[in-house]
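Q: Quick one, fold the following:
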Amino acid sequence: MLIRMEIPVDAPGIDSLLKRAFNRDREAALVRAMREDGLLTLGVVATDDEGEVIGYAAYCPVWIDGEDHQWVALAPLAVDGAWRGQGIGRRLVYEGLDTLNEFGYSAVVTLGDPAWFNRFGFEPAARWQLRTSWPGTEAALQLFQLAESALDGVSGEISWPAPFAVTDR
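A: As a prediction, the model looks like this:
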């Protein structure tokens, strides 16, 4: 297995994985739209020995009260059902965090299971008066600080790129 940044030839495999993992097209359509609109900050893939995509993590820009603070969101994150429970999701998250840190980003947010994301150092974003416009996401909104100054003077509503508006949260 190999964990690496996505390359253009991975797009069909990513699309297929997302459809299988979520049993619908919504997440695959989201990634296609972000890629087409130049909103995919980083894509990290896990491939098997034959080069098939078996895991994927996408990162895109987010804004706080309309301002760019060099933050990104992790969404979606998927691992093929046959490969779950082997630490691939963890490796995708860590590879993404390491790469984003090297690129100079300040923070990463995600909507996900707090118990799962807390293992990686994510914390409830509500602690810093951060929220989304989507009802019922308060507990799921998690934050990972890449830079010590990430939260200096930052609070408010986190907004995702336009393709997320059609994902019907």
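Q: For the chain, which segments count as helices?
A: For the chain, the helices defined by DSSP state H occupy 11-22, 26-36, 88-103, 114-118.
Q: now those helices in TSV, with distance to Gly43, mean pLDDT and mean neighbour count?
A: For every residue, glycine as well, the C-beta is placed using N, CA and C. Below are those laid out as TSV (distance: least, C-beta to C-beta, whole Å; pLDDT from 0 to 100; neighbours: other C-beta atoms under 10 Å):
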stretch	distance to Gly43	mean pLDDT	mean neighbour count
helix 11-22	7	97	18
helix 26-36	8	96	19
helix 88-103	9	97	18
helix 114-118	19	95	14
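Q: so where's the protein uncertain?
A: 166-169 (pLDDT under 70).
Q: hmm, what's the outermost residue in it?
A: For the chain, the largest distance from the centre (C-alpha atoms, centre = their mean) belongs to Glu50, which lies 25.1 Å off.
Q: how about the strands in the protein?
A: Using DSSP state E, the strands of the chain run over residues 2-5, 42-47, 53-64, 67-79, 107-111, 123-124, 130-131, 141-145, 156-159.
Q: rewinding a little: please produce a markdown table containing the helices of the chain, extended by distance to Glu138.
A: A markdown table is the format used below for the helices of the chain (distance: least, C-beta to C-beta, whole Å):
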| stretch | distance to Glu138 |
| --- | --- |
| helix 11-22 | 23 |
| helix 26-36 | 22 |
| helix 88-103 | 22 |
| helix 114-118 | 11 |
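Q: which stretch among the ones you listed comes nearest Gln145?
A: helix 88-103 (10.2 Å; C-beta to C-beta).
Q: I'd like to know which elements the closest one is packed against.
A: If contacts are counted by 3 or more C-beta pairs under 8 Å, 6 or more residues apart in numbering; DSSP states H and E, helix 88-103 sits against strand 2-5, strand 42-47, strand 53-64, strand 67-79, strand 107-111.
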